[in-house]
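Colleague: Dropping a prediction and its sequence here:
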Amino acid sequence: MPDFRLISLVVPVYHNAPSLPDLLVAFQNLSARNTDLDFEYIFVDDGSTDQSFAVLEQLATAEPRMVVVKLSRNFGSNAAILAGLTQARGAAIAAISADLQDPPELIHEMLAKWRAGSKVVLAAREGRDDPGFTSVLSDVFYGLFRRYAIKTMPKRGFDFFLIDRQVCDLLTTIQENNAYLMGLILWMGFKPDVLYYQRRAREKKYGTSMWTLAKKVKYFIDSFVAFSYFPVRVASLLGFALSTLGILYAAFIIINRLITRVEVEGWTSLMVVLLVVSGAQMMMIGILGEYMWRTLDETRKRPRFIVERTLLPHGETH
């Protein structure tokens, strides 16, 4: 049974050792502002190879409200958040990144929305102080996702949220190995309250982001495949268009040969057409392969994450 005075704060951690002490202080300040509530802080080490877990262990010795979960390897931020949600005992659960680019103090306002009856409260980015290329990629991704997948996605997206216990329990029962957690929250249909904020630039003292271009591309593909058939529809329409153009071009060549009796020259044009059509076919096969691979991944029924070790309050270890 959940403790209805308890609020769980979940943090996925991946190479965030420098920012963890400051984040814990921000959580403690939040707790001091909400003295009628109890808090637990759940940090999930997502296979970090820096000193993140050692820092968490040290912090946990002085903070009895901390729970530290260590995953066996890097499973990704969505899986790490899910691991934290499975540990959460609170009546409401907030998830926030560990790099302090999102303001922990905003959780106070999110809790007010939850107390007023909202089951889902999103902290959506109104703007971001990240480098220009990162901002452009993010805007393109969320623009496409809003148009072709889930229309209720905030314009610049979100990965900072607070959910009610009911929503948390539903999320943890969904068995998808490549789940896009933010999409699932919106897909459930609970009307969200949205708070807007300016995402901060990452401070140099907190190190550099491990969010590489390859991870962003995988995130983009996983999100679209999970919630949209648009790529498959585009492949079908492209195939139909190329087939139609091919038939028309073949008819033109035959008619031109019969009427003008002129030999058709065009090795170069033939190769261009062949390469274009072959490239389009390979692209279509690749799109279908992305869907088929994820279908195969789901049939394997592998766990979404593996917990290597859990540090509970009062020094208990599981």
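Modeller: Happy to help now that I have it.
Colleague: Going by C-alpha atoms from here, please, whenever you check contacts or count neighbours.
Modeller: Will do.
Colleague: residue contacts, the residue nearest the centre of the chain?
Modeller: Nearest to the centroid of the C-alpha atoms of the chain, with distances taken as CA atoms, centre = their mean, sits residue 180, at 5.0 Å. Neighbouring residues of residue 180 by CA atoms under 8 Å, 6 or more residues apart in numbering: 78, 219, 222, 223, 226.
Colleague: Let me know the distance separating it from residue 79.
Modeller: 9 Å (CA to CA, to the nearest Å).
Colleague: what's residue 189 sitting at in phi/psi?
Modeller: phi 100, psi 0 (degrees, to the nearest 10).
Colleague: Just the local confidence number for the residue nearest to the centre of the chain, please.
Modeller: Here, the pLDDT recorded for residue 180 equals 82.
Colleague: can you check residue 314 too?
Modeller: 60.
Colleague: Okay, domains of this structure per the record?
Modeller: If you go by automatic domain parsing, the domain ranges for the chain are 3-214+303-315, 230-299.
Colleague: what about the shortest one, how long is it end to end?
Modeller: Domain 230-299 has an end-to-end distance of 23 Å (CA to CA).
Colleague: what mean pLDDT does it have?
Modeller: For domain 230-299, mean pLDDT is 70.
Colleague: what do you get for stretch 43-62?
Modeller: Stretch 43-62 carries an average pLDDT of 94.
Colleague: Measure how far it is from the centre of its chain, please.
Modeller: Here stretch 43-62 is found 22 Å from its chain centre; the criterion is CA atoms, centre = their mean, to the nearest Å.
Colleague: got the contact list for it?
Modeller: With CA under 8 Å, 6+ apart as the test, stretch 43-62 has contacts from 10-17, 20-21, 66-77, 80-81, 83-84, 311, 313-315.
Colleague: so where do the helices sit in the stretch 1-150 of the chain?
Modeller: 20-33, 52-62, 77-87, 106-115, 132-148 (DSSP state H, counting those that start in this stretch).
Colleague: ok, back up a step: can you tell me which of the contacts of stretch 43-62 end up in strands?
Modeller: Among the contacts of stretch 43-62, the members found in strands (DSSP state E) are 10, 11, 12, 13, 66, 67, 68, 69, 70, 71, 311.
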